[in-house]
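# Just need the structure, nothing else, for what follows:
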Amino acid sequence: MTENAKSGVLLIESQYFPPISFYKTLINHDILQIEKYEHYQKLSYRNRCYLAGPNGRMILSVPLTRGKNQRTLMKDVRISNEERWQSLHWKTLVSAYRRSPWFEYYEEDMQGLFEKQFSFLLDWNMACFEWVNNKLGLSPAIQFTDSYQKVVSGVTDARDRILPNAPTPEDAPQYTQVFQERVGFLPDLSILDLLFCEGKQSLTVINDGQ
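Below you'll find the predicted structure:
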């Protein structure tokens with residue numbers, strides 16, 4: 001899905017702290033175009049991300065007002081803030097990564113992100129995405145679609161190409177994870193796993209093998 005030269009537009013759905021494969025695709029493009037007029041799709045990264053835990057891969061899922069079966073435009077999907085999901089996600093991150101080399105470095109700033117409440121999933125995903133980009137030193141030009149087009153020419157259309165149950169990418173980066181000795185290496189987790197384990201070297205790890 002990546003290209004040999006950095007150029008053009010990457011069209012993809014909004015994701016919650018996307019997996020590393022998302023970023024390996026992103027760094028080969030100048031412009032990121034986020035699809036906001038698609039219908040929400042369950043079993044995707046749109047409202048979930050995967051982390052490394054002491055018992056293997058674990059999931060963080062953002063609760064939605066109409067659940068996972070809604071047929072709503074992505075731009076209109078609302079978060080269910082009746083439950084304290086942000087507090088739970090934050091506590092899970094602290095528990096999983098407090099022993100990682102870089103978590104303490106990002107902890108205070110990231111805690112502030114989880115204290116901000118959002119009504120729409122797209123807005124929350126974008127806040128998380130921009131937070132990570134700032135830490136990675138990435139600054140792609142970001143656009144949003146103004147209508148849904150099933151077929152789009154002149155772009156790399158990666159919509160619904162990066163999925164939780166897809167085969168592990170052959171170029172998935174290797175690095176040392178917190179629970180690796182216990183559960184083995186878990187490839188293509190959320191970008192947060194890489195960031196907390198490799199810190200300022202994360203972009204170098206992503207670029208490895210390009």
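
# what's the distance between residue 184 and residue 177?
Distance of residue 184 to residue 177, given as C-beta to C-beta, to the nearest Å: 9 Å. (Each C-beta comes from the backbone N, C-alpha and C, glycine too.)

# buried residues in the longest helix seen in the chain?
Secondary structure assigned by DSSP state H gives helix 121-136 as the longest helix of the chain. Buried positions in helix 121-136, judged by neighbour count with 16 or more other C-beta atoms under 10 Å: 121-122, 124-126, 128-129, 131-133, 135-136.

# And it, what does it pack against?
Contact here means 3 or more C-beta pairs under 8 Å, 6 or more residues apart in numbering; DSSP states H and E; on that basis helix 121-136 packs against helix 103-114, helix 191-198, helix 202-207.

# repeat that for 7 Å
Judged by 3 or more C-beta pairs under 7 Å, 6 or more residues apart in numbering; DSSP states H and E, the packing partners of helix 121-136 are helix 103-114, helix 191-198.

# residues in contact with residue 14?
If you count contacts by C-beta atoms under 7 Å, 6 or more residues apart in numbering, residue 14 has them with 34, 46, 74, 122, 125.

# so which of the residues you listed comes closest to residue 153?
Closest approach to residue 153 among the contacts of residue 14 (C-beta to C-beta): residue 34, at 18.0 Å.

# Name the residues of the helix or strand harbouring that closest one that are buried.
Residue 34 belongs to strand 31-35 when elements are defined using DSSP states H and E. Taking 16+ other C-beta under 10 Å as the basis for neighbour counts, the residues of strand 31-35 that come out buried are 32-35.

# What score does the closest residue in space to residue 76 that isn't next to it in sequence have for pLDDT?
Spatial nearest neighbour of residue 76, excluding adjacent residues (C-beta to C-beta, 6 or more residues apart in numbering): residue 120 at 7.4 Å. We have a pLDDT of 97 for residue 120.

# what about residue 103, neighbour count?
20 (other C-beta atoms under 10 Å).

# How about residue 138?
The burial count assigned to residue 138 is 17, neighbours taken as other C-beta under 10 Å.

# what about it, helix or strand, and which?
In this assignment (DSSP H and E), residue 138 forms part of neither any helix nor any strand.

# Tell me how far it lies from residue 29.
Residue 138 sits 11 Å away from residue 29, taking C-beta to C-beta as the criterion.

# same check, this time on residue 175
Computed with C-beta to C-beta, the distance linking residue 175 and residue 29 is 23 Å.

# So which of the two has more stuff around it?
Here residue 175 and residue 29 are compared on neighbour count by other C-beta under 10 Å; more neighbours surround residue 29, at 22 against 15.

# part of a strand, is that one?
No: read with DSSP: H, G, I helix; E, B strand; the rest coil, residue 29 is coil and lies in no strand.
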